[in-house]
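> predicted model and sequence below, questions to follow.
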Amino acid sequence: MSTTASAKNGTWRNWGGTVASRPAREVTPASVEELAAAVRRAGEDGLTVKAVGTGHSFTSIAATDGVLIRPQLLTGIRNIDRDALTVTVEAGTPLKRLNMALAREGLSLTNMGDIMEQTVSGATSTGTHGTGRESASIAAQIRGLELVTADGSVLTCSEKENPEVFAAARIGLGALGVITAITFAVEPVFLLTAREEPMTFDEVTGRFDELWAENEHFEFYWFPHTGSTNTKRNNRSAGPEKPVSPVSGWFEDEFLSNGVFQVAQWVGRAAPGTVPSIAQISSRALSARTYTDIPYKVFTSPRRVRFVEMEYAVPREALVETLRELKTMVDRSDLRISFPVEVRTAPADDITLSTASGRDSAYIAVHMFKGTPYQAYFTAAERILTAHEGRPHWGKVHTRDAEYFAGVYPRFGEFTALRDRLDPDRRFQNDYLRRVLGQ
């Protein structure tokens, strides 16, 4: 997956090509002090402020016509506390660099998503997650935060210091301030054994509770227009380490999952009638395999085919019914869906606007190849997902607004009240936040 969020002729664009904006100016601070000064100057000039990482959100959450903060100079590890098992990292650090640095130190995050090009602040602020029976999102692993607030002051928070800010700012949507550093809980590096194998849609949905309960991390991909899925189970292992061989890894992860898949997407976009046949072939392309490696090499994978994505979290107990409704809708429609549907889970957490806040959750993510009309599919899927009190991923396409969120997040009012206190003049406002949080 490319890390580029392009800026040409003063225009910023996100990775998926779904958002463009023209900031009045861009600032690349080299220190927290410089960032704070940039926020204060924006206030003096009457400009709003947004920070952007690598632009992997599909929503306009980072778009601004004011001051765009680029944190690429705020990178690296500040401190490793081996007694407390925490690491404090600068906000602009890409997850890939953090994962590699931790591995060199014999440490690891407990859980993570399936890509690692995002910055740590961008990933946590939008609620990036992986899949887990007991282990939750990246934001749930945060033990402390440092952020620059609307008046340019630097605020630190944790469970003991400014706890009400900590409860919300771990997934703060960029609405409470600009994050400058994050302290994560870590643990000694461990091994995971991944077991990947095909399974029918009926079997995986019929056995879902069993598969979820028996595995620390379970996920699967359903291929629309087929009754086929690919499943993945990740569990801790005593070893020995048995990574995917370089040849096998290149063939399956690069040649098939990216190269051949890219060509198939081009064909499907040019000739939509071929999509069901392509889906049948794609669903059988990857064979079963088992391998054992350190966490980030198991959790993450390269994603080079560009797409547009919508993802909703539904109550875990509603997953099977919701997914079956989605399949029925696709089967009865004229839609041609060339990308698989991704299904993952997360335990309940205590973060105010986490998609798993207060409830065990399951995630259903729908995708379309970049450049392919996606609105009809996403609209139909969203109708099903919202009927089950779904909560959309903050960084992925959705049409929900503040009125809807007030109904599906019991603590929504806590977040907006905190925002009123920390940013009364809406220094960090943009059109997206106006829609999802209200004025």
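Right, received. Where do you want to start? Residues are numbered from 1 along each chain as shown.
> contacts, neighbours, all on C-alpha from now
Fine.
> residue ranges for the helices of the stretch 301-439 of the chain, please.
All helices of the stretch 301-439 of the chain, identified by DSSP state H, counting those that start in this stretch, fall at 319-332, 375-387, 402-408, 412-422, 431-437.
> mind listing what the one residue sitting closest to the centre of the chain touches?
With distances taken as C-alpha atoms, centre = their mean, Thr128 lies nearest the centre of the chain, 2.9 Å away. For Thr128, the contacting residues are 113, 137-139, by C-alpha atoms under 8 Å, 6 or more residues apart in numbering.
> cool, and Glu414?
Counting by C-alpha under 8 Å, 6+ apart, Glu414 touches Thr352.
> and Glu241, by the same measure?
Residues near Glu241 by C-alpha under 8 Å, 6+ apart: 191, 292-293.
> what number of residues lie near Pro243?
Residues within reach of Pro243, counting by other C-alpha atoms under 10 Å, total 16.
> tell me, what's the model's pLDDT at it?
Here, the pLDDT recorded for Pro243 equals 90.
> repeat that for the one 5 residues further on.
Looking at Ser248, its pLDDT reads 66.
> ok, the residue lying closest to Thr119 once chain neighbours are set aside to Gly55 distance?
Excluding its sequence neighbours, the residue lying closest to Thr119 (C-alpha to C-alpha, 6 or more residues apart in numbering) is Pro94, at 4.0 Å. According to C-alpha to C-alpha, to the nearest Å, Pro94 stands 12 Å off from Gly55.
> more neighbours, these two?
Neighbours around Pro94 and Gly55, counted as other C-alpha under 10 Å, are more numerous at Gly55. The numbers are 27 against 23.
> distance check, that one against Trp212.
32 Å.
> pretty sure Val154 is touching Glu146, no?
Yes: contact criterion C-alpha atoms under 8 Å: Val154 and Glu146 qualify, at 6.9 Å.
> higher neighbour count, the two?
Taking other C-alpha under 10 Å, Val154 and Glu146 do not tie; Glu146 has more neighbours (23 against 18).
> so the more buried one sits in a strand?
Yes: checked against DSSP: H, G, I helix; E, B strand; the rest coil, Glu146 lies within a strand.
> and it, what does it touch?
Glu146 makes contacts with 154-157, 179-182, as judged by C-alpha under 8 Å, 6+ apart.
> once you drop chain neighbours, what's closest to it?
Distance criterion C-alpha to C-alpha, 6+ apart; nearest residue to Glu146, sequence neighbours excluded, is Thr156 at 4.4 Å.
> run me through the strand neighbours of the strand or helix carrying the one you found, direction for each.
Applying DSSP states H and E as the criterion places Thr156 in strand 154-157. If you go by DSSP bridges, strand 154-157 pairs up with strand 142-148 (antiparallel).
> sorry, back to before: any shared contact partners between Pro94 and Gly55?
Common neighbours of Pro94 and Gly55 (criterion: C-alpha under 8 Å, 6+ apart): Gln118.
> can you list the low-confidence ranges for this protein?
Applying pLDDT under 70 to the chain flags the ranges 1-9, 247-260, 281, 283-286.
> and it, what are its domains?
Domains of the chain are assigned by automatic domain parsing as 78-188, 191-293+305-392.
> over to the longest one now: how far is its first residue from its last?
Read it as domain 191-293+305-392. Using C-alpha to C-alpha, the two ends of domain 191-293+305-392 sit 32 Å apart.
> ditto for stretch 79-90
Per C-alpha to C-alpha, stretch 79-90 runs 10 Å from first to last residue.
> ok, now stretch 339-353?
End-to-end distance for stretch 339-353: 28 Å, by C-alpha to C-alpha.
> try stretch 340-358
From its first residue to its last, stretch 340-358 covers 28 Å (C-alpha to C-alpha).
> can you point out the buried residues in that stretch?
Of all the residues in stretch 340-358, those buried under the rule 16 or more other C-alpha atoms under 10 Å are 340-349, 351-358.
> and stretch 396-416, by the same measure?
Buried, per 16+ other C-alpha under 10 Å, within stretch 396-416: 396-398, 402, 405, 409, 411-412, 414-416.
> can you give me the strands in the stretch 101-250 of the chain?
Per DSSP state E, counting those that start in this stretch, the stretch 101-250 of the chain carries strands over the ranges 107-108, 142-148, 154-157, 178-185, 187-188, 191-200, 217-222, 228-237.
> save those as JSON lines, and put in distance to Glu321 too.
Putting the strands of the stretch 101-250 of the chain into JSON lines (distance: least, C-alpha to C-alpha, whole Å) gives the following:
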{"stretch": "strand 107-108", "distance to Glu321": "35"}
{"stretch": "strand 142-148", "distance to Glu321": "33"}
{"stretch": "strand 154-157", "distance to Glu321": "40"}
{"stretch": "strand 178-185", "distance to Glu321": "35"}
{"stretch": "strand 187-188", "distance to Glu321": "36"}
{"stretch": "strand 191-200", "distance to Glu321": "16"}
{"stretch": "strand 217-222", "distance to Glu321": "15"}
{"stretch": "strand 228-237", "distance to Glu321": "17"}
